[in-house]
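Colleague: Provided below are the primary sequence and the corresponding predicted coordinates.
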Amino acid sequence: MDPNTIRQLIISIPALVLAIIIHEVSHGYVANRLGDPTAKLLGRLTLNPLKHIDPVGTIIMPFMLYYLSNGQFVFGYAKPVPINPQNFKDPRKDMAISAAAGPVTNILIAIISQIIFAHLILPASTVMPDSINSTVLNPMAMMFQTSIGINIFLAVINLIPIPPLDGGRVLVGFLPYKQAIAYSRIEPYGFIIVIILFMTKIANIIIYPVVAILYMLINLL
């Protein structure tokens, strides 16, 4: 493995792990505010990676995808934060809000990363000596640029309206009751459907234009 690949992994993997951990914590935090303390009681409202890491989704999958895509694609997931809708005052609506918290948080992280990159790191790089740029600011620039891409991609994928993805749970929460019950029945097959959409590249038709639009909007900041 060449040094550039190693450096990119050192930057990409922590950014991905942080993005998916904050994504999950946001689900639990919002659920707690809405009346469900399940995640809090289980100690999942923490940024401690050991509480959230899934061996396959957080470690093995990102490395495999990075290797198989020649460094062009990194994705992963953490252990889902447990939520008990029975603790909500309005289970369907509050579950939808809790589900939306994850992608919304990822978009906010992307925005914050862009602001730091564009308004702190780039201006600093014009006045700092080359030694500081090469050892500190350039790696930081790569880290925040990677954070922008990873968080946008995580947000868009999770907003696909197929349960158990967050977008599916949001849609179920706002559909009329009968339609919501019928639609929620596809949840056991949701990941299979998503995999088929990616394998047939149908998902690309939806995902990449949305990713490009978000990139464009965030780059305006």
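Modeller: Yes, it's here.

Colleague: how near is residue 195 to residue 106?
Modeller: Separation of residue 195 from residue 106 (C-beta to C-beta, to the nearest Å): 21 Å. C-beta here means a position set from N, CA and C on the backbone, and glycine is covered the same way.

Colleague: who has more neighbours, the two?
Modeller: residue 106 (27 against 11; other C-beta atoms under 10 Å).

Colleague: what's the first helix or strand after the host helix or strand of that one?
Modeller: Secondary structure from DSSP states H and E places residue 106 in helix 91-116. Once the chain leaves helix 91-116, the next helix or strand it forms, by DSSP H and E, is helix 122-125.

Colleague: other SSEs contacting that next one?
Modeller: helix 138-158 (3 or more C-beta pairs under 8 Å, 6 or more residues apart in numbering; DSSP states H and E).

Colleague: residues in contact with residue 206?
Modeller: By C-beta atoms under 8 Å, 6 or more residues apart in numbering, residue 206 lies in contact with residue 160.

Colleague: do you know how far it is from residue 65?
Modeller: 20 Å.

Colleague: which one is residue 39 nearest to, not counting chain neighbours?
Modeller: What sits nearest to residue 39 in space, not counting adjacent residues and going by C-beta to C-beta, 6 or more residues apart in numbering, is residue 28, at 2.9 Å.

Colleague: so what does the helix or strand encompassing the one you found touch, helix or strand wise?
Modeller: Using DSSP H and E, residue 28 sits in helix 3-33. Helices and strands touching helix 3-33, as assessed by 3+ C-beta pairs under 8 Å, 6+ apart, comprise helix 38-41, helix 61-68, helix 91-116, helix 138-158.

Colleague: for stretch 9-19, the distance to its chain's centre please.
Modeller: Relative to its chain's centre, stretch 9-19 lies at 11 Å (C-alpha atoms, centre = their mean, to the nearest Å).

Colleague: ok, now stretch 205-221?
Modeller: On C-alpha atoms, centre = their mean, the centre of stretch 205-221 falls 15 Å from the chain's centre.

Colleague: try stretch 190-208
Modeller: Put simply, stretch 190-208 sits 17 Å off its chain's centre (C-alpha atoms, centre = their mean).
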